[in-house]
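# Dropping a prediction and its sequence here:
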Amino acid sequence: MTGKFAIVTGASTGIGLELARCCAKDGHDLLIAADEAAIEDAASLLRQEKSAANIQALEADLATMEGGDKLVAAAARRPVDLLIANAGRGLAMPSSIRNSGRSGKSSIRTSSAQPTSCTRSLGRCAMPMRGAF
């Protein structure tokens, strides 16, 4: 472990993957998460680039309490230096996603409610170690 630890959600593709790549290049250990199996492919790609010392992938639906709990548990009470809450899709989404059965409420939970809940839980774990609580 390098000492620096970043969590990036929505990191299986696109902006999230690029943000995870930036964190890795900056020397952060990573916990990357997404609600699809492609998160394992993203982790493999980042490991091949050998930028970060440790890369952990987590498939979890952050629109659910269970998914948020899995993310917090995967952080294993480690102090979080950087949390990039990138999970979720906009409401103006392609028809392939609109027709997938995911509701607008699910998008709102992923984009707003769950990042707030996870941030509070992760903060409670990490901040006492830094003397903030």
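Yep, that arrived. Numbers count the residues shown, from 1 in each chain.
# how long is stretch 25-43 end to end?
Stretch 25-43 has an end-to-end distance of 14 Å (criterion: Cα to Cα, to the nearest Å).
# who touches that stretch?
1-2, 4-13, 16-17, 20, 23-24, 46, 51-63, 67, 71, 74-75, 81-82, 87, 110 (Cβ atoms under 8 Å, 6 or more residues apart in numbering). The way it works is simple: take the backbone N, C-alpha and C, and place the C-beta from them, glycine included.
# repeat that for 6 Å
Contacts to stretch 25-43, defined as Cβ atoms under 6 Å, 6 or more residues apart in numbering, come from residues 1-2, 4-12, 17, 20, 23-24, 51-61, 71, 74.
# how much space between Phe5 and Ile55?
For Phe5, the distance to Ile55 (Cβ to Cβ, to the nearest Å) stands at 11 Å.
# Quick one: find the helix or strand in the chain with the lowest mean pLDDT.
helix 95-98 (a mean of 52; mean pLDDT, DSSP states H and E).
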